[in-house]
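> The following comprises the amino acid sequence and a computationally predicted model.
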Amino acid sequence: LRERGQREVFCGLTSIVWLHRKMQDAFFLVVGSRTCAHLLQSAAGVVIFAEPRFGTAILTDRGLIPAVTSLTDHSAVPATMEATLERRLPAPVEATGYFVVAEGLANAAKYSQATLVRVVVHDDGEWLGVEVSDNGVGGADPVGGSGLRGLADRIEALDGRLSVESLPRRGTRLVAEIPI
């Protein structure tokens, strides 16, 4: 049984990698469980939205703010959102902004013991600013964990920057600045 399970996981990962290569414009794959999502993300090197809420369909069809609203509405930790973005942005910028919020909310739910998360999305004409802050225990390590490190790489690929403030007992604050 163990050998069969490993073979099925390998076949599943191979299928996901093949599918991702065939779908060049896909930023996210929708899968059913967080554990599976993290395995696939590591193995395939792709960005995976870990629950089937179809957030990327909203992102593609309606834009960043409706997609982020969907994330905050379904967050495991109560979340508020403020936004000043009133236009569509290039797809890579919107996708990266979306992923900043998704990662921030996921980290708050998994690690922070937070009771509230605040999401701010703003557009100053030249930069998209995305901030995700929580009132949790702090102590996030942007170098040691693959999620924040991968997020920083994605932002830097667009010539943006990510800062992480996470002092013990003071919560965590992610601030992404992405050029438009």
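Okay, I see it.

> all strands of the chain, in order?
In the chain, the segments counted as strands under DSSP state E are 29-30, 48-49, 79-83, 117-123, 127-134, 161-165, 173-179.

> would JSON lines of these with mean neighbour count, distance to A102 and mean pLDDT be doable?
Backbone N, C-alpha and C define where each C-beta goes, glycine included. Below are the strands of the chain laid out as JSON lines (neighbours: other CB atoms under 10 Å; distance: least, CB to CB, whole Å; pLDDT from 0 to 100):
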{"stretch": "strand 29-30", "mean neighbour count": "17", "distance to A102": "12", "mean pLDDT": "45"}
{"stretch": "strand 48-49", "mean neighbour count": "22", "distance to A102": "6", "mean pLDDT": "45"}
{"stretch": "strand 79-83", "mean neighbour count": "16", "distance to A102": "12", "mean pLDDT": "97"}
{"stretch": "strand 117-123", "mean neighbour count": "20", "distance to A102": "10", "mean pLDDT": "97"}
{"stretch": "strand 127-134", "mean neighbour count": "22", "distance to A102": "9", "mean pLDDT": "98"}
{"stretch": "strand 161-165", "mean neighbour count": "16", "distance to A102": "14", "mean pLDDT": "96"}
{"stretch": "strand 173-179", "mean neighbour count": "20", "distance to A102": "11", "mean pLDDT": "98"}
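
> can I get those in CSV with distance to G150?
Below are these laid out as CSV (distance: least, CB to CB, whole Å):
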stretch, distance to G150
strand 29-30, 15
strand 48-49, 11
strand 79-83, 22
strand 117-123, 19
strand 127-134, 15
strand 161-165, 11
strand 173-179, 13
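
> out of the ones you listed, which comes closest to I58?
strand 48-49 (10.8 Å; CB to CB).

> Quick one: low-confidence residue ranges for the chain.
For the chain, the stretches flagged by pLDDT under 70 are 1-56.
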